[in-house]
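**Q** I'd like to go over a predicted model; first the sequence, then the structure.
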Amino acid sequence: MTPTRDTVRLIATDMDRTLLSGEPRSISARTRTALDAAAAAGIRVLAVSGRQPYSQATFVQGTALAGLGIGCNGAVVADLGSGEILSQEILEPDAQTALTFGLRNVFPHVKVASFRNGGNTVRAQFGYLEAVAGNQAPWPPDQREAPLDEVLRVGSVKLVAKVAGVPVDEVYAAAVELAVPGCQPTMSGASWIEVARAGVTKASALARVAANWGIDAAAVVAVGDNVNDVEMLRWAGCGVAVANATPEALAAADVVTVSNEQDAVARLIEDILAA
């Protein structure tokens, strides 16, 4: 059942493979119009992504999503217009070090990168930086390669780990099996796993933001496609998976809609406003 404009107060959407479409990826004109229409109807819209705020801002400028946003899988809340970091959750150095060396025992060639300072500072192990370079952000990050001990020395809002030639789901399974205290590994559909502080998810940040706005979970619609969206889809009053979602996201959702390439978020908003 599609929620109605009388029952929905907040629409929270993932970005990659959910909101963004086309190549290069962007927010379509139809989706921009729908986001504006939702905001005009008094429904808040919120970008909730594994991306860092500087990367989110690259896409949302000039849209109704350019205000408050949740990045780094819930570890960072920021103003996507100004770049101000409003809150951040830190993965402790001891925890990220234990996970990294645990993964190295399984995958000796694993490479990691640490995102700090709300995601605006990146310290990548030698040989990894190409995975995070080249973003045309409105405020560019401070990023450089560094020795592993420097990468792990300072806590992260997000630690990413990648093993060349190994499917990301195998790396994720190994990280989960390690069960390192203090760590919350997940996947977003990229070729690397992403690790936050234990208990930090898109759902935990969304619940906090919604509460600050006086909005109950029952009045929230969340849209996503991947493992890192599962908790958010379960928490929201209505969890919506796009047709191209992973099995985990599809199982967590209340509703399945069309794919991101068919303007899933726009269609959802149009249906809500029409209901």
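**A** That came through, no problem.
**Q** Have a look at this protein and report the helix or strand with the lowest mean pLDDT.
**A** strand 142-146 (a mean of 93; mean pLDDT, DSSP states H and E).
**Q** can you pull out the helices in this protein?
**A** 29-40, 53-60, 93-106, 148-153, 168-178, 202-212, 230-235, 247-252, 264-274 (DSSP state H).
**Q** Turn the ones you listed into TSV, columns for mean pLDDT, distance to Ile193 and mean neighbour count.
**A** Heads up, the C-betas are built off the backbone N, CA and C, glycines and all. Shown next, in TSV, are those (pLDDT from 0 to 100; distance: least, CB to CB, whole Å; neighbours: other CB atoms under 10 Å):
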stretch	mean pLDDT	distance to Ile193	mean neighbour count
helix 29-40	98	28	18
helix 53-60	96	17	23
helix 93-106	98	9	18
helix 148-153	98	15	17
helix 168-178	98	5	17
helix 202-212	98	15	20
helix 230-235	98	15	23
helix 247-252	98	14	17
helix 264-274	97	25	21
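**Q** Of all those, which one is nearest Arg9?
**A** Minimum separation from Arg9 across the helices of the chain (CB to CB) falls at helix 202-212, 8.4 Å.
**Q** got the contact list for Val209?
**A** Neighbouring residues of Val209 by CB atoms under 8 Å, 6 or more residues apart in numbering: Leu46, Leu68, Ile70, Val77.
**Q** let's see it at 10 Å
**A** By CB atoms under 10 Å, 6 or more residues apart in numbering, the residues touching Val209 are 10, 12, 44, 46, 48, 68-70, 74, 77, 86-87, 215, 220.
**Q** most neighbours, which of those?
**A** Gly74 (31 neighbours; other CB atoms under 10 Å).
**Q** and the gap between Gly42 and Val8?
**A** Relative to Val8, Gly42 is positioned 10 Å away (CB to CB, to the nearest Å).
**Q** Give me the more crowded residue out of the two.
**A** Between Gly42 and Val8, counting by other CB under 10 Å, Val8 is the more crowded of the two (26 against 9).
**Q** just to revisit the earlier point, I'd like to know which of the contacts of Val209 is nearest to Lys158.
**A** Gly74 (9.8 Å).
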